[in-house]
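Visitor: Starting from these lines, generate the structure:
(4 chains)
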Protein chains: 2
Amino acid sequence: MKRNIYDVARNMNLSPGTISKILNGKGNVSTKTRERVLKYVEEIGFTPNSSARTLKSKKSLTIGIVFSDISNFGLEHPFFSSVLQQFKNYIEIFGYEIVFIVNRVGNYDLSYLKWCLVKNVDGVLIVTGNINKPNIIELVNSEIPTVSTDIKMDDLYSVMSDDFMGMKLGLEFALKLGLRKLACVSGPLTSRAFYERYLAFKEILEENNLTFKEKYFRVSPTYGFTGGYNATKELLEEVKEAPDFIFALSDEIAYGVIRALEDSGLKVPEDVSVIGYDDVSFSKHFTPALTTIRQYKKEIGETAAKRLLALIDGTVKPEKQVELIPVSLVIRDSTKKVNLKQ
Amino acid sequence: MKRNIYDVARNMNLSPGTISKILNGKGNVSTKTRERVLKYVEEIGFTPNSSARTLKSKKSLTIGIVFSDISNFGLEHPFFSSVLQQFKNYIEIFGYEIVFIVNRVGNYDLSYLKWCLVKNVDGVLIVTGNINKPNIIELVNSEIPTVSTDIKMDDLYSVMSDDFMGMKLGLEFALKLGLRKLACVSGPLTSRAFYERYLAFKEILEENNLTFKEKYFRVSPTYGFTGGYNATKELLEEVKEAPDFIFALSDEIAYGVIRALEDSGLKVPEDVSVIGYDDVSFSKHFTPALTTIRQYKKEIGETAAKRLLALIDGTVKPEKQVELIPVSLVIRDSTKKVNLKQ
DNA sequence: TCGTTTTTCCTAATTCATAAAATAATTATT
DNA sequence: AATAATTATTTTATGAATTAGGAAAAACGA
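Guide: Residues are numbered from 1 along each chain as shown, chains lettered A, B, ... in the order given. Okay, the predicted model is just below:
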């Protein structure tokens, strides 16, 4: 059952070296023998042992994934798991596979970088991580090609949504609807995405000669329903004038916001318009169907994959350090109708 | 930077073999040298190369995962990705890690089994797969320890929710509420879970002297919102008497069911009570909050992990071929209130 | 003290494939 | 046909660890 390259060589009356060459499509081998061997290999379904290959060649056809550094949600995180899925789909076309970077192997505790070296990963994708963790810093500064879909650092290629654009789309739509009392419920600002959206929110308000009021910008400690609910409740309590617009910085926060508004006797979208962020699959089925900023997870995952594979090949260096993927505004029922306005 | 066991040996004035023994905690080594080496290894942060280890020892500390054989959802599948996450968390404690079984490595197309052999995985978890695929059959019948959280086969250990119990809990609750026109919207019956729930539905109706009517059991081609919506619309059209209860066999189907009912002018729970299945995180925030059968993903993932690790160690053979994890009924607002009945 | 046993450590073989150097075989050139 | 140039194949070394078997050293008994 278990065959190695020597068995093949023996049966073909050739040397292992020749078999290896044929299997890797390199070197000078006559067409006859090549085809003969290829046929045989196909027949018996032989594949060279993966450990031996990476041991000798230092290539593992493997991409290390840094995932759940902030949250414990891991694979359950709706946005990131989707980005990862797309990334995975893409690299698999080229024979690569993903492995999760953990901080131990057998009995050894390891740093991310150590782990990568021990495992000989060809590259690393940081789906989500924390810029301040020494583990991450060490990894990014190493020789190993690395791409991120979440964090930004010097010498790190990043592929992510254009958060400024998202905020701009949302806020300008609100302004077009005639709304002026603009509030925002964000997730934790320790997350890069939320922080940048926060900056954008501020900046865009000022661009439009509206003053940014601290009390209208709420930070929830989570990016889920409950956080959005509580933050909104607090907002409504602490503020004299209820907002007529709330930008919820994740769809799930948006659901919490809407529920809190309803529980406080405010109607969505009649009294308050709400925009979410992400456009997770369920948002169109929610009542009211959620107006939201759509992030293109497939685009992000695939672009990250392309960039990383290019870095590994050493062919083309992506010229942009940070590649922003456009987002779009999906208008549904949680915001006032435009025609009502006109 | 890159060190091997020979470097360590040289610096310690010992042979590579001795270092290896110490690192693996086996064989006869004096306490003095053991501690001296361990201290040094700790200091320089040395870890033996993973490929070389598995090449020689045939152990990879790696579990192969069969995932998206039916759906293309992959990591985005709310239930299975969660089970996988729990599984992963558990095995990582013991130094194992997961790798996704794909059907190629480099330029070679492989069967699942071949892939496992090439990669030397120590065991396999079939999170979800299709019993009829030759790939799966070959894998299950191989020597490689395998556990599943979805499918059942001879010689395959399975850990999964008690579907009969779930259906029983749901239906008996409906009966207790005085409901007698019981309908069901299922996902595709090609999935084991849906099929078994279908059988249970039938059986339990008969146990209670109610006749099973084909028209009241609808099969949606998907397990999502839209499938549930369409199936319910069809149900209502084809049937003279609207049901007073619909058992939706996934939460997402349940959302679709409820929307369809509302669109048809039926109130939930006043006119029709609806029970979902899964208890995904969002079900409690839905309006109306969903009464549903809760599956214990953590329990399933962890138990599967324990069973698989036991099989790998060869210590204890799990005595039960199929281990059923109990489910529970979570009563919320999509079903009639009990006290209204009394 | 000498021989035996046990403990400790080393040597060498093994795992499997790849890469570079060396050799053999074939083709081309004059 | 003889030599040069190419092409095809083999040989050998290498990658980094594990393991079985053997040697040396220490411990033990008489």
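Visitor: model confidence over stretch A:196-216, on average?
Guide: Per-residue pLDDT over stretch A:196-216 has a mean of 96.
Visitor: now check stretch A:107-121, is it near chain B?
Guide: Yes. Against chain B, stretch A:107-121 shows contacts by C-beta under 8 Å from any C-beta of the partner chain at A:107-108, A:110-111, A:114, A:117-120. In this view, the C-beta of every residue, glycine as well, is placed from N, C-alpha and C.
Visitor: List just the nearest of these to DNA strand C.
Guide: Nearest to DNA strand C among the residues of stretch A:107-121 next to chain B: A:N120, at 12.7 Å, using C-beta to the nearest atom of the strand.
Visitor: Tell me how far the closest one lies from B:L311.
Guide: 28 Å (C-beta to C-beta, to the nearest Å).
Visitor: what sits against A:D122?
Guide: Counting by C-beta atoms under 8 Å, 6 or more residues apart in numbering or on different chains, A:D122 touches A:59-63, A:96, A:145, A:312.
Visitor: In a markdown table, list those residues along with distance to A:V280.
Guide: Conversion of these to a markdown table gives the following (distance: C-beta to C-beta, whole Å):
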| residue | distance to A:V280 |
| --- | --- |
| A:K59 | 37 |
| A:S60 | 34 |
| A:L61 | 32 |
| A:T62 | 30 |
| A:I63 | 25 |
| A:Y96 | 27 |
| A:P145 | 30 |
| A:I312 | 31 |
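Visitor: Quick one, which of those residues are buried?
Guide: Those of these that meet the buried threshold are A:60-63, A:96, A:145, A:312, by 16 or more other C-beta atoms under 10 Å in any protein chain shown.
Visitor: JSON lines for those, including secondary structure, pLDDT and distance to A:T31?
Guide: Output for the buried ones among the contacts of A:D122, formatted as JSON lines (DSSP: H, G, I helix; E, B strand; the rest coil; pLDDT from 0 to 100; distance: C-beta to C-beta, whole Å):
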{"residue": "A:S60", "secondary structure": "coil", "pLDDT": "95", "distance to A:T31": "31"}
{"residue": "A:L61", "secondary structure": "coil", "pLDDT": "95", "distance to A:T31": "27"}
{"residue": "A:T62", "secondary structure": "strand", "pLDDT": "96", "distance to A:T31": "32"}
{"residue": "A:I63", "secondary structure": "strand", "pLDDT": "97", "distance to A:T31": "35"}
{"residue": "A:Y96", "secondary structure": "coil", "pLDDT": "94", "distance to A:T31": "29"}
{"residue": "A:P145", "secondary structure": "coil", "pLDDT": "95", "distance to A:T31": "36"}
{"residue": "A:I312", "secondary structure": "helix", "pLDDT": "94", "distance to A:T31": "31"}
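Visitor: Leaving out chain neighbours, which residue sits closest to whichever residue of the stretch 1-150 of chain A sits closest to DNA strand C?
Guide: Of all residues in the stretch 1-150 of chain A, the one sitting closest to DNA strand C is A:N4 (2.8 Å; C-beta to the nearest atom of the strand). With C-beta to C-beta, 6 or more residues apart in numbering or on different chains as the criterion, A:N4 has its nearest non-adjacent residue at 6.6 Å, and that residue is A:N49.
Visitor: show me the contacts for the one you found.
Guide: Contacts for A:N49 were tallied using C-beta under 8 Å, 6+ apart; they are A:4, B:55, B:118, B:120.
Visitor: got the phi/psi numbers for it?
Guide: The phi/psi pair for A:N49 (degrees, to the nearest 10) reads phi -60, psi 130.
Visitor: How much space separates it from B:V121?
Guide: Distance, A:N49 to B:V121, by C-beta to C-beta: 13 Å.
Visitor: Go ahead and build a ChimeraX selection from the buried members of the contacts of A:N49.
Guide: Selection of the buried residues among the contacts of A:N49 in ChimeraX, burial being defined by 16+ other C-beta under 10 Å:
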select /B:55,118,120
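Visitor: could you dump the contacts of A:N49 to JSON lines with pLDDT and distance to DNA strand D?
Guide: Shown next, in JSON lines, are the contacts of A:N49 (pLDDT from 0 to 100; distance: C-beta to the nearest atom of the strand, whole Å):
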{"residue": "A:N4", "pLDDT": "93", "distance to DNA strand D": "11"}
{"residue": "B:L55", "pLDDT": "96", "distance to DNA strand D": "6"}
{"residue": "B:V118", "pLDDT": "91", "distance to DNA strand D": "15"}
{"residue": "B:N120", "pLDDT": "94", "distance to DNA strand D": "13"}
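Visitor: out of the contacts of A:N49, who's nearest A:G187?
Guide: B:N120 (41.5 Å; C-beta to C-beta).
Visitor: for the spatially closest residue to that closest one that is not a sequence neighbour, what are its contacts?
Guide: In this structure, B:N120 finds its nearest non-sequential neighbour in B:S60, 4.4 Å apart by C-beta to C-beta, 6+ apart. By C-beta under 8 Å, 6+ apart, the residues touching B:S60 are A:51, B:50, B:54, B:119-122.
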